[in-house]
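**Q** Based on what follows, work out the 3D shape:
(chains A and B)
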Amino acid sequence: MALDYSQKVMDHFMNPHNVGEIPNADGVGEAGNPKCGDIMKIYLKVNPDTQIIEDVKFKTFGCASAIASSSMATDMIKGRTIEDAWNLTNNAVAEALDGLPPIKMHCSVLAEEAIHTALNDYRAKHGMNIIPMEHHED
Amino acid sequence: MFCYMDHTATTPVSPEVLSAMMPYFSENFGNPSSVYSFSRKSRAAIEKAREQVASSINADPSEIFFTGSGTEADNWALKGTLEKAIKLGKNHLITTKIEHHAILHTAEYLSKFHGVDVTYLDVDSEGFINLDELKAAITDKTALISIMFANNEVGTIEPVTEIGTICREKKIPFHTDAVQAAAHLNIDVKAMNIDMLSMSAHKMYGPKGVGALYLRKGMRPENFIHGGAQEKKHRASTENISGIVGFGEAMKILKSRLDDDKAINSARRDKLIAGILGKIPHAKLNGATGDKRLPNNINFSFIGVEGETLLLDLDYKGISASTGSACSSESLDPSHVLLALGLKHEMAHGSLRFTIGRLTTDEHINYLLEVLPEIVAKRRAMSPLWEDYLKTLGEKA
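**A** This is a model prediction of the structure:
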């Protein structure tokens, strides 16, 4: 099936931002599973005084929209506080990419989930309460 | 560079085929069913094409029935045979887990709406059925055995002659989907004891929208398309004359160069397989090797990467290929063929198929071998799955 990706999706797919790992990251989160063909891993570096995400990296196994969603979502939370970053929704990621094909919307959900998991990992390590995760149907 | 590596999906109409077709659009447009002399040209053209198709598989022209596609031929063989057999108390169909959806979805339909009991034979890790399992699956209710000649995804060629012998001994009709095989292999329906065989023109440099069903004398599945007396009252519809003419011409040409093409394609295929295995670590060839594999099929899984990303990266470099990954399909499941071969989901998601043919040059093979290792390495470097895989091997990313 030929998928019509937006130019933005293709740009982020061909030259993704924030690829890699952060050694001794303050928060690490993973979402997806190999069976479905998507795994996203997010690494956070958070300033403990300001609670600002100073650096973020990702590694993703998945299709073009999964890689583009990882790239865009990490761009969107960089420089924001952990509270702020929590409010990033999958729809906002998809919109920032000028939309995703309907069958690929789950890729943006994956980005949201991976970020939430990484943020909760940070919170747990710093004695903060864990925020319950919403599980999307798709 | 435009490097078309998807000849199994479809092929371009060859110039000779196109010129053979041209007179049958605006010039000799007569309806073959009409009485007047003008229409004789159309009738004669169809009969010539029927002979061309028949002789290339050692059939009699009266045994060839043109259809609108290979898929239609498959539908006809299965539905037409089972519908008739059910009335005689036989409702069992034997097929395999690696058939094209033209067979699998038709079998599902027959099961759902006609209560047909379907046995889906397993295949081994290279994609071969087991002949003993086939024999054991046969019951006194078995109405039809439909097993593909060669698989479209991994290129494995099934033991058709042996299957034909078993079917003939048990007096059960044998249908084979030869949509891919007919474009690459010598087929002799008599020697192979094949009772029904599906073909398609666009896989062999003919036009899209035309196929054929070979029905051995005595095989009379119930009609699939009703509404006219065409094809000796067995397949209604005004004939697609230009398409049928193109099919006949394409098959004639194919047959005349088949042995040469087979040798060239096999050599390129094996060069590509050896090159990928040599240049890309942890690459897994899917399917059989040597003479048991279609001469034009190369199918690999690359652990740690997902097929669609590779397809897009290849497309950016001008290379057209195909994948068994779910991400390139409407569903979220990866290829049923690769899963039936025993591949884990992540390996099926990471599959790539290259199918070579007349558009392929040695330059294309070298170009692909130059580009592919970089692409796989780039995508593996950003994959957490690859990282985990290397950890299990004790290697460093």
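
**Q** gap between the closest residue to B:Asp291 other than its chain neighbours and chain A?
**A** In this structure, B:Asp291 finds its nearest non-sequential neighbour in B:Ile157, 7.7 Å apart by Cβ to Cβ, 6 or more residues apart in numbering or on different chains. For every residue, glycine as well, the C-beta is placed using N, CA and C. Separation of B:Ile157 from chain A (Cβ to the nearest Cβ, to the nearest Å) stands at 28 Å.

**Q** One more: B:Ile98?
**A** 20 Å.

**Q** contacting residues around that residue?
**A** The contact partners of B:Ile98, by Cβ atoms under 8 Å, 6 or more residues apart in numbering or on different chains, come to B:Val123, B:Gly127, B:Met148, B:Asn151, B:Glu153, B:Val154, B:Thr156, B:His336, B:Val337, B:Ala340, B:Leu341.

**Q** neighbours around the second one, how many?
**A** Other residues near B:Gly127 number 29, with proximity taken as other Cβ atoms under 10 Å in any protein chain shown.

**Q** likewise the fourth one?
**A** For B:Asn151, the tally of surrounding residues (other Cβ under 10 Å) stands at 31.

**Q** these two touch, right, it and B:Leu338?
**A** No - if you go by Cβ atoms under 8 Å, B:Asn151 and B:Leu338 don't touch, sitting 10.5 Å apart.

**Q** For the contacts of B:Ile98, which single residue is the most surrounded?
**A** Result: B:Asn151 is most packed of the contacts of B:Ile98 (other Cβ under 10 Å), 31 neighbours.

**Q** Spatially central residue in chain A, please.
**A** Residue closest to the average C-alpha location in chain A (Cα atoms, centre = their mean): A:Ala111, at 3.3 Å.

**Q** do the same with chain B
**A** B:Gln180 (3.2 Å).

**Q** List the residues that contact it.
**A** Taking Cβ under 8 Å, 6+ apart, one finds B:Thr8, B:Met148, B:Phe149, B:Ala150, B:Asn151, B:Asn152, B:Gly155, B:Lys203, B:Leu294 in contact with B:Gln180.

**Q** per-residue pLDDT, it?
**A** pLDDT recorded at B:Gln180 is 98.

**Q** roughly how far apart are it and A:Ala111?
**A** 39 Å (Cβ to Cβ, to the nearest Å).

**Q** now B:Pro12
**A** Distance from B:Pro12 to A:Ala111, by Cβ to Cβ: 41 Å.

**Q** which bits of chain A sit near chain B?
**A** By Cβ under 8 Å from any Cβ of the partner chain, the residues of chain A that approach chain B are A:1, A:3, A:10, A:13-14, A:16, A:19-20, A:30, A:34-41, A:58-64, A:66-67, A:103.

**Q** Tell me which of the residues you listed fall in helices.
**A** Here DSSP state H is the test, and the residues of chain A next to chain B give A:Met10, A:Phe13, A:Met14, A:Ala64, A:Ala66, A:Ile67 as lying in helices.

**Q** could you check the distance from the first one over to B:Asp270?
**A** Here A:Met10 is placed at a distance of 35 Å from B:Asp270 (Cβ to Cβ).

**Q** do the same with A:Leu44
**A** 48 Å.

**Q** Neighbour count: the two, which is higher?
**A** It is A:Leu44, of A:Leu44 and B:Asp270, that has more neighbours when counted by other Cβ under 10 Å, with 25 against 15.

**Q** Wait, a helix at that one?
**A** No - using DSSP: H, G, I helix; E, B strand; the rest coil, the assignment for A:Leu44 is strand, not a helix.

**Q** what sits against the nearest residue to B:Glu108 once chain neighbours are set aside?
**A** In this structure, B:Glu108 finds its nearest non-sequential neighbour in B:Val118, 7.8 Å apart by Cβ to Cβ, 6+ apart. For B:Val118, the contact set (Cβ under 8 Å, 6+ apart) comprises B:His92, B:Leu93, B:Ile94, B:Thr95, B:Ala107, B:Glu108, B:Leu110, B:Ser111.

**Q** Sort out for me which of the residues you listed are in helices.
**A** Short answer: the contacts of B:Val118 in helices (DSSP H) are B:Ala107, B:Glu108, B:Leu110, B:Ser111.

**Q** and B:Ile276, that one's in a helix?
**A** Yes - under three-state DSSP, B:Ile276 sits within a helix.

**Q** B:Glu370 is in contact with that one, correct?
**A** No - using Cβ under 8 Å as the test, B:Ile276 is too far from B:Glu370 to be in contact (11.7 Å).

**Q** Of these two, give the one with the bigger neighbour count.
**A** Between B:Ile276 and B:Glu370, counted using other Cβ under 10 Å, B:Ile276 has the larger neighbour count: 22 against 12.

**Q** rewinding a little: just give the number of residues close to the residue nearest to B:Asp291.
**A** 23.

**Q** what are the bridge partners for it, then?
**A** Counting by DSSP bridges, B:Ile157 is bridged to B:Ala150.

**Q** what's the answer for A:Gly29, then?
**A** Bridge pairing for A:Gly29 - DSSP bridges - gives A:Ile42.

**Q** check contacts around it.
**A** A:Lys41, A:Ile42, A:Leu44, A:Glu113, A:Ala114, A:Ile115, A:His116, A:Thr117, A:Ala118, A:Leu119, A:Asn120, A:Asp121.

**Q** Strands of the stretch 101-250 of chain B, start to end?
**A** Using DSSP state E, counting those that start in this stretch, the strands of the stretch 101-250 of chain B run over residues B:117-121, B:142-146, B:174-177, B:196-200, B:211-215.

**Q** Give me the contact list for stretch B:38-49.
**A** B:24, B:28-33, B:61, B:66, B:239, B:241, B:244-245, B:247-249.

**Q** residue ranges with poor pLDDT in the chain?
**A** Since no chain was named, I'll use chain A. Residues of chain A that meet the criterion pLDDT under 70 lie in A:1-3, A:135-138.

**Q** Not quite, go with chain B.
**A** B:326-332, B:396-397.

**Q** can you give me the helices for it?
**A** With DSSP H, the ranges of helices along chain B come out as B:15-21, B:40-56, B:70-87, B:101-114, B:131-137, B:160-170, B:230-233, B:241-279, B:307-316, B:336-340, B:345-349, B:362-381, B:384-393.

**Q** Which positions in the last one come out as buried?
**A** Residues B:Pro384, B:Leu385, B:Trp386, B:Glu387, B:Asp388, B:Tyr389, B:Leu390 are the ones in helix B:384-393 that count as buried (16 or more other Cβ atoms under 10 Å in any protein chain shown).

**Q** Which two among the residues you listed are spaced furthest apart?
**A** Using Cβ to Cβ, the buried residues of helix B:384-393 span at most 10.8 Å, a distance reached by B:Pro384 and B:Leu390.

**Q** got the CA coordinates for stretch B:385-393 in PDB?
**A** The C-alpha coordinates for stretch B:385-393 follow below in PDB (Å, rounded to 0.1, in the frame of the first residue of the first chain):
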ATOM      1  CA  LEU B 385      15.500  -3.700  19.200                       C
ATOM      2  CA  TRP B 386      18.900  -4.000  17.500                       C
ATOM      3  CA  GLU B 387      20.500  -2.800  20.700                       C
ATOM      4  CA  ASP B 388      18.700  -5.500  22.600                       C
ATOM      5  CA  TYR B 389      19.600  -8.100  20.000                       C
ATOM      6  CA  LEU B 390      23.300  -7.300  20.200                       C
ATOM      7  CA  LYS B 391      23.100  -7.600  24.000                       C
ATOM      8  CA  THR B 392      21.800 -11.100  23.700                       C
ATOM      9  CA  LEU B 393      24.800 -11.900  21.500                       C
END
